[in-house]
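Colleague: only geometry, no sequence info:
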């Protein structure tokens, strides 16, 4: 493809589609919690699609009274409050029914314990099922005529097509444009890396 | 509610909605396979929503070269050919990527081994991810203007609403009217027992 054709293709793609990503279960911690769990702050291991975000080398066990899941990914950098984002499948393993919440919306989320190699931390709240959402740059949001906080339907252009309703759009200069599903949702639509979605209204 | 109001409600419900059910991973076997696995034919333990179908008392381990899942449900009565219906989440545990198929459509499905308390059986094919579908009685299909083999969209009226596309309708006098999702799909839409779906076209 010559340069001009490629530029046109990219522009059309940004107007029409959002790349899908599946987020596995993961934990966010504060700096103090990282020190309590690992004896030091988080160690970046690999960058994530959102600028500045990374998978840490450290892992934790996530525990409730009813069950536990070992070797859960920890994402950095450290946050103001710890939280644990899981799927409903994970919730069954933990024997609990957490509310569905956007990352950072901690009201009504469940207590949970994290166990690291140096210690453990009990969060009074923070356990949630991650709510599906779309990260967008202001430029891509303008191209697709959506705004921060808007709730849309997202058609997954996948082998097992699904339209996800009640998907929140979040717009920020800090973001890269990706739609985030959990693994239940990714499996329900037969997602493979690189699959695209389309915002419907 | 008086009798007349109840009759009207039921009729409206049959015209508008289909009750959703989540199907867990399960196995169908032939009579010969049951004898090889358990030393006898299947023992009915509890009836399922589809008339004549039952959960058997017997359980099997489902094995591939890459993994296994213990204590998988066996459904009766015996069939003409064995098969194993799993979710993509289960497929990860088994280390394989089976095709998505309707029950009974075995072409291209993967080989799999079943282990019972008396012996084991290797199926040359039969491992599939179950394709979502709607069982309907001819009367309900007529009320909702759909026919056998028709592919529809199914809106799950659930707390985490999803529209499932590519849902096959199967109509038979032998059926009770229910939409069947696997657990990935049920979790993706936040399903609870008794939730309803709505056919869209």
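Modeller: Sure, I can see it. Just so you know, these numbers come straight off a predicted model, no measurement behind them.
Colleague: Quick check: bridge partners of the residue most central in space within chain A?
Modeller: By C-alpha atoms, centre = their mean, chain A has its centre lying nearest to residue A:23, at 4.9 Å. For residue A:23, the beta-bridge partners are residue A:182 (DSSP bridges).
Colleague: now it: how far from residue A:178?
Modeller: In this view, residue A:23 and residue A:178 are 10 Å apart by C-beta to C-beta, to the nearest Å. Any C-beta I mention is one placed from the backbone N, CA and C, and that applies to glycine too.
Colleague: again with residue A:168
Modeller: Residue A:168 is 13 Å from residue A:178, where distance means C-beta to C-beta.
Colleague: repeat for residue A:138
Modeller: Taken as C-beta to C-beta, the span from residue A:138 to residue A:178 is 15 Å.
Colleague: Of these two, which one has the most company?
Modeller: Taking other C-beta atoms under 10 Å in any protein chain shown, residue A:138 and residue A:178 do not tie; residue A:178 has more neighbours (19 against 13).
Colleague: what sits opposite that one in the beta ladder?
Modeller: Counting by DSSP bridges, residue A:178 is bridged to residue A:135.
Colleague: Would you confirm that it contacts residue A:50?
Modeller: Yes: contact criterion C-beta atoms under 8 Å: residue A:178 and residue A:50 qualify, at 7.5 Å.
Colleague: Give the residues shared as contacts by these two.
Modeller: Common contacts of residue A:178 and residue A:50 (C-beta atoms under 8 Å, 6 or more residues apart in numbering or on different chains): residue A:135.
Colleague: buried stuff in stretch A:124-141?
Modeller: Neighbour counts over stretch A:124-141 (16 or more other C-beta atoms under 10 Å in any protein chain shown) mark A:125-137, A:140-141 as buried.
Colleague: Can you give me every residue that contacts the residue nearest to the centre of chain A?
Modeller: With contact set as C-beta under 8 Å, 6+ apart, residue A:23 has these partners: A:85, A:130, A:180-183.
Colleague: Could you measure from residue A:64 over to residue A:97?
Modeller: According to C-beta to C-beta, residue A:64 stands 11 Å off from residue A:97.
Colleague: Which one's more surrounded, those two?
Modeller: Between residue A:64 and residue A:97, counting by other C-beta under 10 Å, residue A:64 is the more crowded of the two (19 against 11).
Colleague: Among the buried residues of stretch A:124-141, which one lies nearest to residue A:197?
Modeller: Nearest to residue A:197 among the buried residues of stretch A:124-141: residue A:134, at 8.0 Å, using C-beta to C-beta.
Colleague: So the closest one sits against residue A:176, correct?
Modeller: No: Residue A:134 is beyond contact range of residue A:176, at 11.2 Å (criterion: C-beta under 8 Å).
Colleague: And the contacts of stretch A:141-149?
Modeller: For stretch A:141-149, contacts defined as C-beta under 8 Å, 6+ apart pick out A:14-16, A:18, A:134, A:136, A:152, A:168-172, A:199.
Colleague: before we move on, the earlier item: can you list which of the buried residues of stretch A:124-141 are found in helices?
Modeller: A:140-141 (DSSP state H).
Colleague: Just flag the most distant two among the buried residues of stretch A:124-141.
Modeller: With C-beta to C-beta as the measure, no two of the buried residues of stretch A:124-141 lie farther apart than A:125 and A:140, at 32.8 Å.
Colleague: neighbours of residue A:179, just the number please.
Modeller: Residues near residue A:179, counting by other C-beta under 10 Å, number 27.
Colleague: just checking, it touches residue A:168?
Modeller: No: using C-beta under 8 Å, residue A:179 is not in contact with residue A:168; the gap is 10.4 Å.
Colleague: Can you report how many residues lie near residue A:70?
Modeller: Neighbours of residue A:70 under the rule other C-beta under 10 Å: 10.
Colleague: Torsion angles phi and psi at it?
Modeller: Dihedral pair for residue A:70: phi -90, psi 160, per degrees, to the nearest 10.
Colleague: now swap in residue A:174 and tell me
Modeller: Per-residue torsions, residue A:174: phi -80, psi -10 (degrees, to the nearest 10).
Colleague: Name the nearest residue to it, sequence neighbours excluded.
Modeller: If the residues on either side of it in the chain are set aside, residue A:174 comes closest to residue A:51, at 6.3 Å by C-beta to C-beta, 6 or more residues apart in numbering or on different chains.
Colleague: who's in contact with the closest residue to residue A:173 other than its chain neighbours?
Modeller: Counting by C-beta to C-beta, 6+ apart, residue A:173 lies nearest to residue A:138, which is 6.2 Å off, once chain neighbours are set aside. Residue A:138 is in contact with A:171-173, counting by C-beta under 8 Å, 6+ apart.
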